[in-house]
Structures are given as structure tokens and as C-alpha cells.
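>>> okay, sequence plus prediction incoming.
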Amino acid sequence: MTDKFRYAYNSLAYFGEDLALSVDRVARFGYDAIEIVGEPTQIDAKHVAKLTQDAGVAVSSICSIYTPERDLVHPDPEGRAAAVQYVKDLVLFAETMSCPTVVVHPTACMKTRALADPESEWKWAVESIREAGEFAAEHGVSFSLEAWNRYESYFLNRLEQCRALWAATELSNGGVQGDTFHMNIEEADIPAAFRASEGVLQHVHLADSDRTAPGGALLDFGPIIDALIDINYDKYVAFELLPALADPFAGGSHPEFLDRYTERALRTLRGIEEVVRTRRALAGKG
Ligand code: LER
Ligand code: MN
């Protein structure tokens, strides 16, 4: 049972800037933690560990970047081995920053067609995630298996599929992850999908329907927060905001614009959380 959620901001939207600036921005707006982009050869984990410690924020999670060379279900065994090695590298990267969670998705982002039959891919997904996950357990790190929308991946689109794959790995260090941007496209009922993940929800990404800060577009975050409280969710809630102008893969960042969203996301969600918790208290719900 938690009093209040711990909020993190995914530094993906700032990717490429000096991380001292990113950590300072997140700390300045009052976040509990920062999510770090999973590029261990480009980001110095020891340096980030010091920056975050000095700023009084934690590292919540690693936002893994699954390029075609990091495909855990690649038909070529060497391709799969390279992907498993990438995830193991992320485990050590996370451990250095005392970060509890590495985001896992079985295949490459923007791969929308399978390269092998579904049975083989499922088996490879289980094997690859299990191998990396057993390594993660030895290092005190957990995995969150994230569902992505159909335009970014054909493999896991809904939380029920993540739960099935997670169960098949037989791992106990972690669980599944919902991202409200993807869920808005793929789930019939976002709060219900979170409720059905009670006990196995490891991480949450929040963004509005257009991937901007919550409160500016179509999603209703009150019922989502209510569902997370119902299932006693006590891990990080991380904003993963990629407004079109700020997409680091489409032309770079826009610091002022991002600053504005960084501030607004937390202010909006804390406000919604307070209203939901007050309503629950008045209704006699814990
Ligand atoms: C991909 O769209 C996504 O949601 C990220 O969390 C990537 O790890
Ligand atoms: Mn996400």
C-alpha cells in the first residue's frame, strides 16, 4: 500500500543533451526519478549515478532501444545472442545506477512483420528473455515486458500477451509494463488492462493520446490512476513523452518546449492523483 506514486521522467525526449542538464531539469521540477536511455556505450553510468545522487533523484528504469540489431527473436542465433548480450549490458548499466528495472520488448521497434513462424518466435522470446532475466536476477535487476502498438511491433500489443509471455519465462524478477500511449490504440479498456495485471505490473509509461504531457489530449487519467491504486501499484510511474517536435529520432530536441511538458506532466498527474485519492477516502475506499 502506497501513499503516493513515485514519478519519473524518461530522458528519451532529451536524448543527445548533456545528462547534467536533464538530471537538473527533472530534479528542479520535483520528480522522484529519471528514466535513462539504454545506450551503455554512449552514456557513462557511473557519471549518471553521481549526477543523480548529487541532485537527490533516483534512476527509475532503463528505456531500452531495440534496433534491428537488438532483436531477441531474430531467426539467426547469432542475432539473438547479440540482442541477449545487449540486454545483459543494460543489466550492468542499471546496476551501476542502482536502477531497479530494465524495459524489455522481444523484438525491434518498428518491426511490424515476423521473420519466422509464431511458434519459433515465441520459443526464442522465452529463451532469450529467460537467459537475460536469470543474469538480471543475479544482479538484483528486474525486467518489465512492455506492450507496443501495432505500428511499432507485431509481437506484444496488449498486456494480456505480456502476461502470458512473462509467465512462460518462469522468471520472478519483474513483470509486465503498460504504456498509455500504446494502450490507447490496442486495449479495449485501459484501467481494466491494468487491473488484470495486479501483482505482475512492474512499470508504467504515461503519455496522453498524442504522446504529449497528460492533460492536453484525449485520455482520461482519473480512472487509470484509480485502477493503479486499486491494485496497490507501488513501483514507478514514468512519463514517456514524445511530442512530434521533440522526437529525438526526427530532428532533435526543443528544450523550452520539453521543459514546459516536463513541468506540466508532473503537475497534472499529481493533481489528478490527489483528486482520486480524496474521492476514494470520502467513499471509504483505501
Ligand atoms: C516504444 O514506443 C516505447 O514505448 C518505449 O518505452 C521504448 O522502450
Ligand atoms: Mn513506452
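That came through fine. Ligands and ions are numbered 1, 2, ... in the order given.

>>> now for V73, how many residues are close by?
25 (other Cβ atoms under 10 Å). Placement of C-beta: from N, CA and C, glycine included.

>>> next, it: secondary structure please.
coil (DSSP: H, G, I helix; E, B strand; the rest coil).

>>> how about the secondary structure of P40?
Here P40 is recorded as coil under three-state DSSP.

>>> not counting sequence-adjacent ones, nearest residue to it?
Spatial nearest neighbour of P40, chain neighbours left out: F93 (4.2 Å); criterion: Cβ to Cβ, 6 or more residues apart in numbering.

>>> check what pLDDT the one you found gets.
Looking at F93, its pLDDT stands at 98.

>>> residues contacting it?
I36, G38, P40, I43, A45, I62, C99 (Cβ atoms under 8 Å, 6 or more residues apart in numbering).

>>> in a helix, it, correct?
Yes - remark: F93 belongs to a helix, assigned using three-state DSSP.

>>> roughly how far apart are it and K50?
From F93 over to K50 the distance is 15 Å, taken as Cβ to Cβ, to the nearest Å.

>>> stretch 110-125 near ligand 1 at all?
No - Stretch 110-125 stays clear of ligand 1 (Cβ under 6 Å from any ligand atom), getting no nearer than 8.9 Å.

>>> who does the residue of the stretch 51-200 of the chain found nearest ligand 2 bridge with?
Of the stretch 51-200 of the chain, the residue with the smallest distance to ligand 2, taken as Cβ to the ion, is D179 at 3.5 Å. D179 has these beta-bridge partners by DSSP bridges: H205.

>>> per-residue pLDDT, it?
98.

>>> burial check on it, number of neighbours?
Counted with other Cβ under 10 Å, D179 comes out at 22.

>>> my guess is it meets A207, correct?
Yes - with contact defined as Cβ atoms under 8 Å, D179 reaches A207; the gap is 7.1 Å.

>>> list residues touching both of those two?
E240.

>>> just want the most central residue of this structure.
The centroid of the chain falls nearest to H205 when counting by Cα atoms, centre = their mean (4.9 Å).

>>> could you list every helix and strand in contact with the helix or strand where D226 lies?
In this assignment (DSSP states H and E), D226 forms part of helix 221-230. When contacts are defined as 3 or more Cβ pairs under 8 Å, 6 or more residues apart in numbering; DSSP states H and E, helix 221-230 packs onto helix 190-195, strand 201-206, helix 255-282.

>>> residues contacting the following helix or strand past it, please?
For helix 221-230, the following helix or strand on the C-terminal side (DSSP H and E) is strand 236-239. Contact with strand 236-239 is made by 5-10, 32-33, 35, 60-61, 101, 203-207, 213-214, 228, 262, 265-266, 269, as judged by Cβ under 8 Å, 6+ apart.

>>> what about strand 236-239 and ligand 1, any contact?
No - against ligand 1, strand 236-239 shows no contacts by Cβ under 6 Å from any ligand atom, the least distance being 8.8 Å.

>>> sheet-wise, list the partners of that strand with their directions.
According to DSSP bridges, strand 236-239 has these partners: strand 6-10 (parallel), strand 201-206 (parallel).

>>> so how far is the longest one off the chain centroid?
Same thing as strand 201-206. In terms of Cα atoms, centre = their mean, to the nearest Å, the centre of strand 201-206 is found 6 Å from the chain centre.

>>> could I get the average pLDDT for that strand?
For strand 201-206, mean pLDDT is 98.

>>> do the first one as well
Mean pLDDT, taken over the full extent of strand 6-10, equals 97.

>>> what comes up buried for the helix or strand following it?
Heading C-terminal from strand 6-10, the first helix or strand you meet, by DSSP H and E, is helix 19-28. By neighbour count on 16 or more other Cβ atoms under 10 Å, the buried set for helix 19-28 is L19, S22, V23, R25, V26, A27.
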